[in-house]
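> I would like the atomic coordinates for the input below:
(one chain, ligands or ions: 1)
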Amino acid sequence: MEDANVMTCPYLTEVTMVFCGASPQKKLIPTDRISTASACEGDGFNGCALYREALSRALHTIEELETELKEVHGKKGVQS
Ligand code: SF4
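Numbers count the residues shown, from 1 in each chain. Down below sits the predicted model:
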C-alpha cells in the first residue's frame, strides 16, 4: 500500500516496455521510442526477416509434429 506522504525520487519513472519475441536477444525498448514507421507496429511486420525466420521455424515444428503423429497412428493401425 502506498503512503501518500512518502516522497519518491524525482528521477523514478514508469515506462511501458516491449521486446521482440522472435529475436534471440531480449532487448527491452520503451514504447515511446518506437517509430510510427516501425514494421513492428504496423502491417510491415510481414517483411521483417526476424518474423519470417520465426514463422518458418514454427511451420517446420508443426510439420515435424504432424509427421510424428502420422507415424504413431500408422503403428497403431498395424497393431489393431
Ligand atoms: S516485426 Fe520483426 S522485429 Fe518487430 S516484433 Fe515482429 S519479428 Fe520482431
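> show me where the protein has its helices.
49-79 (DSSP state H).
> not counting its neighbours along the chain, what's nearest the residue most central in space within it?
Centroid-nearest residue in the chain: residue 21, 2.9 Å away (criterion: C-alpha atoms, centre = their mean). Leaving out its chain neighbours, the residue that sits closest to residue 21 by C-beta to C-beta, 6 or more residues apart in numbering is residue 54, at 7.7 Å. For every residue, glycine as well, the C-beta is placed using N, CA and C.
> span of stretch 33-49 from start to end?
21 Å (C-alpha to C-alpha, to the nearest Å).
> identify all contacting residues around it.
For stretch 33-49, the external contacting residues (C-beta atoms under 8 Å, 6 or more residues apart in numbering) are 18, 20, 51, 52.
> residues in contact with the second one?
So the one you mean is residue 20. The contact partners of residue 20, taken as C-beta under 8 Å, 6+ apart, are 27, 40, 50.
> ok, and which of the residues you listed reach the ligand?
Within the set of these, contact with the ligand (C-beta under 6 Å from any ligand atom) is found for 40, 50.
> can you tell me which helices and strands the lowest-mean-pLDDT helix or strand in the chain packs against?
Using mean pLDDT, DSSP states H and E, the weakest-scoring helix or strand in the chain turns out to be strand 29-30, at a mean of 84. Counting contacts by 3 or more C-beta pairs under 8 Å, 6 or more residues apart in numbering; DSSP states H and E, strand 29-30 packs against strand 17-18.
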